[in-house]
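Peer 1: coordinates only, sequence not included:
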């Protein structure tokens, strides 16, 4: 299961989406998430679907990569759907048994919630799959630059984020190895009550933390050896500047958002 | 004066108790003298805990000597304002390939050093391409480091250092975590940089085989340089090496044992090739 996390897993390709300025993509993901919770009704849903399909088509990332991100949140999705299904009050009762009631509104809500969550994950993974973590944090750094004037360590935070993203797969692999090593010596991570299982995690977490600290130490030294001295005086491999394509993307984004809002207001 | 010169270098790890009093002092490097000429391929040998890594970290000003002086291209590493120049001149590659790659894409990692130096964007890309080519990793430029083998990762790390255009690279046991293939890959990349680009190499290792092609060898034990010389001179002293808990290359060991048993072999045989030739000569002489 651990290996299914697609967060921060860049998929290299040469599509127009890959070439967009990361700030556009960051902002785009934000706008898309907002739009998912703004739309109401079938037409809004259609527009959101078309927009997402269009993105998936042009970003040249295999569809299965995006769907992979859904696996870890299946349980969350089922929960949300079930709650919406049974707990939405409404006039048109479809099914009634004891305290369980399913209404037409409940079915609708559950379906839309499922769609929203799915689109949310797939939509944001379009962003993370087409943007390297470094670009992403570069984008974040530049977008938040004004905050550094009031003393927010923007560069340090974005550097920490990009390093964290880089080490996620390494630490996952390490967890796997430690887990197997402990299992080989009789540890059991799967049985017992929740408390027992939580306790059983300790022999897994302690070595993992120790190794993470050791890695952090090594990495800090390697960065220092390569003359890293914080954000001052650094040049950029990919300096961020908006090009025509980026303005086009903004235009598209805003017309999409406008469309969603219009559909909600007028329909 | 050579590109790297050390005079009576001492480094002490000082452990303090809770009140800040000195609890114990461990001398990791003990009065070491080094003199490395530009373009040389130097190997520093030593078993675990001999102080060789501590010495390496001083070459890059990651550690500052407790006593004595270390000059990198004539610059004293003790002076705070020299640190940047020292690190630019002597790049460093570490043991664990995963813990020294910063970025999630190969080319971005190679660009990290030049970015820190404030190199203009276009120049960074040129350097990234050049240094990836020089270690034969250009076709992996857009890959994630996580998908590379150990040897490939280590070559990326070397490219990352090369992009800073150093005159010297210090490699601190770069092959210790690699399989034999990865080890060969890394070593041939390093040798090529030394031969083609004239980069001074200081290779720290405990694998004897890696020292065979060196221009000069230092052997360390308990923080001191206990032997130094050409590979032939060093490896002909099998007993002495054993005393410092080091092995000799297999071919050398076999030649040594054969000689002890009475075969007329010369000292300082380093490779299988040489051994085979010498044995053939023995056989020809014998049949005559």
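Peer 2: In hand now; what should we look at? These numbers were taken from a predicted model, which means no experiment stands behind them. Residues are numbered from 1 along each chain as shown, chains lettered A, B, ... in the order given.

Peer 1: use CA for all of it now, contacts and neighbours both
Peer 2: Noted.

Peer 1: quick one: residue A:82 from chain B, how far?
Peer 2: The gap separating residue A:82 from chain B is 39 Å, by Cα to the nearest Cα, to the nearest Å.

Peer 1: what's around that residue, how many residues?
Peer 2: By the criterion of other Cα atoms under 10 Å in any protein chain shown, residue A:82 has 14 neighbours.

Peer 1: now it: closest residue in space, sequence neighbours ignored.
Peer 2: Distance criterion Cα to Cα, 6 or more residues apart in numbering or on different chains; nearest residue to residue A:82, sequence neighbours excluded, is residue A:110 at 7.1 Å.

Peer 1: tell me the contacts of the residue nearest the centre of chain B?
Peer 2: Nearest to the mean C-alpha position of chain B, by Cα atoms, centre = their mean, lies residue B:203 at 1.2 Å. The contact partners of residue B:203, by Cα atoms under 8 Å, 6 or more residues apart in numbering or on different chains, come to B:41-44, B:170-173.

Peer 1: now those residues in TSV, with secondary structure, distance to chain A and neighbour count?
Peer 2: Listed next are the contacts of residue B:203 as TSV, based on DSSP: H, G, I helix; E, B strand; the rest coil; distance: Cα to the nearest Cα, whole Å; neighbours: other Cα atoms under 10 Å in any protein chain shown:
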residue	secondary structure	distance to chain A	neighbour count
B:41	strand	21	25
B:42	strand	20	22
B:43	strand	20	27
B:44	strand	20	25
B:170	strand	11	24
B:171	strand	12	24
B:172	strand	12	23
B:173	coil	14	21
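
Peer 1: mind giving me the domain split of the chain?
Peer 2: I'll assume chain A. Taking automatic domain parsing as the reference, chain A has its domains at A:2-131+A:240-266, A:151-225.

Peer 1: not quite, go with chain B.
Peer 2: B:4-231, B:249-288.

Peer 1: TSV for these, including distance to residue A:105 and mean pLDDT?
Peer 2: Rendered in TSV, the data for the domains of chain B read as follows (distance: least, Cα to Cα, whole Å; pLDDT from 0 to 100):
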stretch	distance to residue A:105	mean pLDDT
domain B:4-231	46	91
domain B:249-288	79	85
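
Peer 1: most neighbours per residue, which of those domains?
Peer 2: domain B:4-231 (a mean of 20; mean count of other Cα atoms under 10 Å in any protein chain shown).

Peer 1: and the end-to-end length of it?
Peer 2: With Cα to Cα, to the nearest Å as the measure, the ends of domain B:4-231 fall 20 Å from one another.

Peer 1: centre of the chain to it, how far?
Peer 2: Relative to its parent chain, domain B:4-231 has a centroid offset of 6 Å by Cα atoms, centre = their mean, to the nearest Å.

Peer 1: what does stretch A:44-62 give?
Peer 2: Taking Cα atoms, centre = their mean, one finds the center of stretch A:44-62 at 17 Å from the center of the full chain.

Peer 1: hmm, who's touching it?
Peer 2: Residues contacting stretch A:44-62 (Cα under 8 Å, 6+ apart): A:11, A:13-18, A:35-36, A:39, A:63, A:119, A:123, A:126, A:129-130, A:256, A:259-260, A:263-264.

Peer 1: please repeat the previous calculation with a cut-off of 6 Å.
Peer 2: Residues from elsewhere that reach stretch A:44-62 (Cα atoms under 6 Å, 6 or more residues apart in numbering or on different chains): A:15, A:17, A:260.

Peer 1: so is stretch B:67-80 next to chain A?
Peer 2: No. Counting by Cα under 6 Å from any Cα of the partner chain, chain A has no neighbours in stretch B:67-80; the shortest distance is 13.0 Å.

Peer 1: for residue A:190, what are its contacts?
Peer 2: Residues counted as contacts of residue A:190 (Cα under 6 Å, 6+ apart): none.

Peer 1: distance of it relative to residue A:179?
Peer 2: Taking Cα to Cα, one finds residue A:190 at 11 Å from residue A:179.

Peer 1: equivalent analysis for residue B:169, please.
Peer 2: In this view, residue B:169 and residue A:179 are 38 Å apart by Cα to Cα.

Peer 1: one more: residue A:114?
Peer 2: Relative to residue A:179, residue A:114 is positioned 33 Å away (Cα to Cα).

Peer 1: now do residue A:161
Peer 2: For residue A:161, the distance to residue A:179 equals 26 Å [Cα to Cα].

Peer 1: tell me where the chain has strands.
Peer 2: Since you didn't name a chain, this refers to chain A. Ranges of strands in chain A, per DSSP state E, are A:93-97, A:100-103.

Peer 1: chain B, not that one
Peer 2: B:4-16, B:22-36, B:41-45, B:67-72, B:75-76, B:90-93, B:168-172, B:200-205, B:216-221, B:224-229.

Peer 1: all helices of the stretch 101-250 of chain A, in order?
Peer 2: A:104-130, A:133-148, A:154-184, A:194-200, A:202-225, A:244-266 (DSSP state H, counting those that start in this stretch).

Peer 1: quick check, the fifth one touching chain B?
Peer 2: Yes. Under the criterion of Cα under 6 Å from any Cα, helix A:202-225 makes contact with chain B via A:215, A:218-219, A:222.

Peer 1: can I get the residues you listed in a markdown table with pLDDT and neighbour count?
Peer 2: Shown next, in a markdown table, are those (pLDDT from 0 to 100; neighbours: other Cα atoms under 10 Å in any protein chain shown):
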| residue | pLDDT | neighbour count |
| --- | --- | --- |
| A:215 | 93 | 18 |
| A:218 | 92 | 18 |
| A:219 | 94 | 20 |
| A:222 | 93 | 21 |
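
Peer 1: now tabulate these in TSV and tack on distance to residue B:277.
Peer 2: Below are the residues of helix A:202-225 next to chain B laid out as TSV (distance: Cα to Cα, whole Å):
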residue	distance to residue B:277
A:215	47
A:218	45
A:219	47
A:222	44
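
Peer 1: list, one by one, the residues from the stretch 51-200 of chain B near chain A.
Peer 2: Contacts of the stretch 51-200 of chain B with chain A, taken as Cα under 6 Å from any Cα, map to B:99-100, B:104, B:113, B:115-116, B:118, B:121.

Peer 1: any weak-confidence spans in chain A?
Peer 2: Applying pLDDT under 70 to chain A picks out residues A:1-9.

Peer 1: what residues does it put near chain B?
Peer 2: Near chain B, when you scan chain A using Cα under 6 Å from any Cα, you find A:166, A:215, A:218-219, A:222, A:226-228, A:233-237.

Peer 1: for stretch A:83-95, measure first residue to last.
Peer 2: One end of stretch A:83-95 to the other measures 15 Å (Cα to Cα).

Peer 1: can you list contacts of it?
Peer 2: The contact list for stretch A:83-95 (Cα under 6 Å, 6+ apart) reads A:101-107, A:110.

Peer 1: give me that answer again for 10 Å
Peer 2: With contacts defined as Cα atoms under 10 Å, 6 or more residues apart in numbering or on different chains, stretch A:83-95 is touched by A:77-79, A:96, A:99-114.

Peer 1: got the buried residues for stretch A:255-267?
Peer 2: A:256-257, A:259-261, A:263 (16 or more other Cα atoms under 10 Å in any protein chain shown).

Peer 1: contact partners of stretch B:115-123?
Peer 2: By Cα under 10 Å, 6+ apart, the surrounding residues in contact with stretch B:115-123 are A:223-224, A:226-239, B:84, B:88, B:108-109, B:111, B:113-114, B:124-125, B:127, B:129, B:163-164.

Peer 1: next: stretch B:272-281.
Peer 2: Applying Cα under 10 Å, 6+ apart, the external contacts of stretch B:272-281 come out as B:249-252, B:254-255, B:258, B:263-266, B:268-269, B:282-286.

Peer 1: mind listing the helices for the stretch 51-200 of chain B?
Peer 2: So, for the stretch 51-200 of chain B - with DSSP H, counting those that start in this stretch - the helices run B:52-59, B:83-89, B:106-110, B:112-117, B:121-134, B:150-162, B:180-197.
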